[in-house]
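> Build the 3D model from these lines:
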Amino acid sequence: MSEQLKPLCGILDNVLERLVNVECKLGITPTKGAAVPSAAAAANTTAATTTAPAAAPPAVVENDDIHPRLAAYDEHMTRALTPFTNSCTALGSEMDGIGNNVRDVWNGVRLIVELGTNYKKPSDPVGAIQPHLKPCQDAMASVRSARLDRKFDWHLKAIMEMLACVSWVVMTPPPAPCNFVKDTIGASDFWANKVRKEYKNKGEEGEMHAKFCDAMKALVLDLSAYLKEYHLSGLAWNPHGRDFSDAKVGESGASANKETTPSAAKAPAATGGGGGIFAELQKKQTGEGDSAATGLKKVSRDQQTWRKEFQKQGDAPSQPATAPKPAAAPKFGAKKPLGPPKCEYQTRGCKWNVENQTKDTCEGGVCKVTVTDPKQQVYIYKCQNVTIQITGKLKSVVLDDCTKCGVVFDTAISACEVVNCKSVQVQATNVCPSFAIDKTDGIVIHLTNEAIGTTSFVTSKSSEMNVSWPDDEGEVKEAPIPEQFMHKLVNGKLTSQVSDLYH
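This next block holds a predicted model:
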């Protein structure tokens, strides 16, 4: 070997040694065709295999290792749950049983976390894990049905509010599970603060109760920190795990690993890097020169439909039928369909309700309402392209959220109100003392000679308002209701005048 290649060979030997170390740590057994790093490394490997007794593949041992998510959850239980149960035990035998129930709840959640480390995410996660939540639900039911001394009522209520944080295993963001868990502190602290206040300045007994409250809050905060690191977007699953349909109720991680260990032992060691791949390819070769590609059909040019000539001539084969797309969601601001049309009288309130009328729901595009009592009022809502004809003297008329409608009435004792309308016309064939117009774009009010001197208009947030009336000669005149005003401060007072545009 030339002197120039020696540095390169040394670098390659180091790389191969590192690959072998990685394979050993991962429990992968190198194949026979895998490359040997160097003579020294081969000697060391041979010595190790001759001196050490024959053992099972390392993969079987590695499968018994605990998942980092599960190990972190165990640390959380040791760090935060144990002090809480100890504080319950210090309060007496009754609270000791409650502390054990809370530990059972946390152990039930641990089973769910363990399932997430071993299985893929099911299509319906909430429904799939419901049977596995029974231990957790039974423990919570025990806490709920506990009958303790009355001095522990606030303690028990605080614990019940705190246990709401366990729901993080079945929730989907938003909000994030860590934030959801942290929000339960407020409800539990409401009762915990009552405990703190009750046992304040009561010596050692007060300190035990205060320690209970502090440990419960620390338990929730520590769980929130754990979820923020390992379950930020909900319960974490194993994308390379087994199908969740194989999970059994009450199954633990140990049983799942025992089931997967034989398959791992039987799996070929071809995963041992590039050497394993080349070894498999070499097995496909024969003495006659055949390889792994022997026997494959060649794709001729006329079958290569991705080429440009197929796109131009349209000779490409038809694409398979795709599944029908779901109906598109209605766009923001789109008009909603009208409800069923109504024209009915309600005895309670003496009110006529005219709703959702159109030219198609009324004969000739006219909806007729006959008022028999001056105390009655007419409420017109969400009508379009229709004329409402009201006969008889009435108390008031209200026009709400209507478009391109016309209203004709005889006499209104109180007022006529027009709200949230567009392009409407209102005609009083006799007298109406007041018109109130609010948030309306486009309105024409028709008055008679009798109503000219007695009618007033109150407007706000409206535009395109006009008044029409007959003059002494019978000709109809029309004038706009001002929308623009000029305001001044005169002698410390604010004065308003109609803009010069209307003069």
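
> For the rest of this, base every contact and every neighbour count on C-alpha atoms.
Will do.

> what is the mean pLDDT for the top helix by length along the chain?
In the chain, taking DSSP state H as the definition, the longest helix is helix 203-230. For helix 203-230, the mean per-residue pLDDT is 90.

> Off-centre distance for the helix or strand containing Val398?
Element membership of Val398 [criterion: DSSP states H and E] is strand 394-400. Relative to its parent chain, strand 394-400 has a centroid offset of 44 Å by CA atoms, centre = their mean, to the nearest Å.

> now swap in stretch 114-123 and tell me
21 Å.

> next one: stretch 114-126
The mean C-alpha position of stretch 114-126 is separated from the chain mean by 19 Å, CA atoms, centre = their mean.

> cool, stretch 431-440 as well?
45 Å.

> Contacts only, for the nearest residue to Ala80 once chain neighbours are set aside.
Of all residues not flanking Ala80 in the chain, Leu219 sits nearest, at 4.9 Å (CA to CA, 6 or more residues apart in numbering). Leu219 makes contact with Ala80, Leu81, Phe84, according to CA atoms under 8 Å, 6 or more residues apart in numbering.

> Okay, and the last one sits in which element?
When secondary structure is defined by DSSP H and E, Phe84 falls within helix 82-90.

> Tell me the buried residues in the following helix or strand past that helix?
Per DSSP H and E, helix 82-90 leads on to helix 93-118 as the next helix or strand towards the C-terminus. For helix 93-118, the buried set under the neighbour-count rule, 16 or more other CA atoms under 10 Å, comprises 95-118.

> Could you export stretch 483-491 as PDB, CA atoms only?
Only the C-alpha atoms of stretch 483-491 are listed here, as PDB (Å, rounded to 0.1, in the frame of the first residue of the first chain):
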ATOM      1  CA  GLU A 483     -75.600  62.400   7.200                       C
ATOM      2  CA  GLN A 484     -72.800  64.900   7.600                       C
ATOM      3  CA  PHE A 485     -72.600  67.500  10.300                       C
ATOM      4  CA  MET A 486     -70.200  70.300  11.400                       C
ATOM      5  CA  HIS A 487     -69.400  70.700  15.100                       C
ATOM      6  CA  LYS A 488     -67.900  73.700  16.800                       C
ATOM      7  CA  LEU A 489     -66.900  74.800  20.300                       C
ATOM      8  CA  VAL A 490     -68.600  78.100  21.000                       C
ATOM      9  CA  ASN A 491     -68.200  79.700  24.400                       C
END
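
> Pass me the low-pLDDT residue ranges in the protein, would you?
1-6, 22-65, 250-295, 308-335 (pLDDT under 70).

> can you pull out the helices in this protein?
Using DSSP H, helices in the chain cover 6-26, 39-51, 58-62, 68-76, 82-90, 93-118, 125-129, 134-144, 153-162, 177-198, 203-230, 253-266, 273-284, 308-313.

> could you check the angle helix 68-76 makes with the longest one?
To tie it back to what came earlier, the one meant is helix 203-230. Per axes from the mean of the first three to the mean of the last three CA atoms, to 10 degrees, the angle that helix 203-230 makes with helix 68-76 is 170 degrees.
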